[in-house]
Each structure stands twice: as C-alpha cells, then as structure tokens.
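[1] Curious how this folds, go ahead:
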Amino acid sequence: MEKIVLKATKRTVIGKQVSQLRRAGQLPGVIYGHNFEPVNIAMEAHNAQLVIPHLTSSSIVNIDLEGKVIPALVREKQKNYIKNVFTHIDFQAISLTETIRADVSLHFHGLAPAIKEFSAAIVNSIESIEVEALPNDLPERIEVDLSVLAKIGDAIHVRDLIIPAGVTLLTDVDEMVAVATATHEEVVEEVVAPVAAVEPEISVERGKKEEEEEKK
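    Numbering: from 1, shown residues only. Predicted coordinates for the structure are as follows:
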C-alpha cells in the first residue's frame, strides 16, 4: 500500500474567519482520537483536493503536522458541491499497534450472467462492511465478483466475501450484499365479459289501461 502523506500546520483561525483561510488557498481540518488531544489544522488546499478523493474510509493517511507524523483515517469530508471542493476534513488519529474498527468499502466488478440471460437487474444492498484489525492490516476495499449471479434470485451475502487474514468481520454474515432481480413482473390481463345491452321493460298492464282510456 502506497504511503500517503499530507502536510499540515496548526491553525488558530476558527469560526467565521475560516472562510478567509479558504480564500488564501488553505483547507481547514481537525485531528482527534483516543488518547489524542484534538488539534485544528490547515492543509494546502490544492494538494489535499488531489489526494483526499482517492482515500477510502479504511485508507491510512499520514499527517505531517509541522514535522510530527500522525497516522490517521478520514472520518468526515465536508464539501461544497457547487464548486466541487472540500471545505473541511475530520481525521481520526490512530495507533498502529492497536486494533480499530472501520468501514471498508465494497468494490463491485464482473458481469452477472443473469443480466444477459434473464434481463435481470443487480441490486446492491450495502456499500461497505464493518471490520476490526490493526491499521496496517485494513484493506482499502473488498472485492465483490458479480459474475456468480447466474439467474434471477441468485444473491451474494457477507459470508461469501473474501476477508483478508488478520481482519475480523463485524457485519452480520447473513446480510445481503447484492441480488439479481427481475426487471418487471408479468402482468395478467383480466378478461371481462361484455355486458349485454338491457332493453327497457314495458309494463303490459300500463299499456292496457292507456288503450281503455283512449276508447272512452
């Protein structure tokens, strides 16, 4: 795994004044963690914008804070989606000798035969799983091969995933990851018998009375 380093400096600017920091080309953030005193930081925005999009929730990034290297995980990314830039990053400081819990993203690949043979749709139920491991044992992603979905109803569960050695799975093994489903349901048309036109009933008694009155 490539070692990722982000240089940062301590910042005292907080609150509304942070916007001035961003205009100066700096990206604000914070580092916190177990047995770690939280510290507000600032990073060179351009470099951070290039690196952070490629980090998963289980990617270790080394924060070079004024010469002190702090291994950390990205915990929250705040973003301005109109400008397509990050506005604030939360990092969790970690110890490389202590196990941690983390969400590992799933990477779906392969073509499910059920798509070609039965026009199936593949529905992904989850995007990540929770694991526990030493930081250096954390996989950046877990591969999910969709080519095993051969027909409608075939599914992949968490128990079917290949988990690397040294990693403990915390997500329920019976949880569904992906399933091949039908794209439409057969519609049964109800045949309705045509209703015969109803002739108006003519009262015979009424007709006779009208004839007698005309003769009078």
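
[2] quick one: low-confidence parts of this protein?
    Low-confidence segments of the chain, defined by pLDDT under 70, are located at 1-2, 184-216.

[3] Now do the domain split for this protein, please.
    The chain breaks down into these domains under automatic domain parsing: 4-94, 101-181.

[4] Need these in JSON lines (columns: mean neighbour count).
    Heads up, the C-betas are built off the backbone N, CA and C, glycines and all. Below are those laid out as JSON lines (neighbours: other C-beta atoms under 10 Å):
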{"stretch": "domain 4-94", "mean neighbour count": "15"}
{"stretch": "domain 101-181", "mean neighbour count": "16"}
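
[5] and stretch 152-166, how far apart are its ends?
    Counting by C-alpha to C-alpha, to the nearest Å, the length from the leading to the trailing residue of stretch 152-166 is 35 Å.

[6] what about the strands in the protein?
    With strands called from DSSP state E, the chain shows them at 4-10, 26-33, 36-44, 60-65, 68-80, 85-93, 100-109, 121-124, 128-133, 141-145, 155-157, 168-169, 176-181.

[7] counting contacts, what elements does the fifth one pack onto?
    Yep, that's strand 68-80 we're talking about. If you count contacts as 3 or more C-beta pairs under 8 Å, 6 or more residues apart in numbering; DSSP states H and E, strand 68-80 packs onto strand 26-33, strand 60-65, strand 85-93.

[8] Try it again at 6 Å.
    The elements that strand 68-80 packs onto, with contact taken as 3 or more C-beta pairs under 6 Å, 6 or more residues apart in numbering; DSSP states H and E, are strand 60-65, strand 85-93.

[9] before we move on, the earlier item: would you convert the strands of the chain into TSV that also reports distance to Q20?
    Output for the strands of the chain, formatted as TSV (distance: least, C-beta to C-beta, whole Å):
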stretch	distance to Q20
strand 4-10	15
strand 26-33	9
strand 36-44	11
strand 60-65	21
strand 68-80	16
strand 85-93	13
strand 100-109	34
strand 121-124	42
strand 128-133	36
strand 141-145	37
strand 155-157	49
strand 168-169	45
strand 176-181	46
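
[10] Understood, closing this out.
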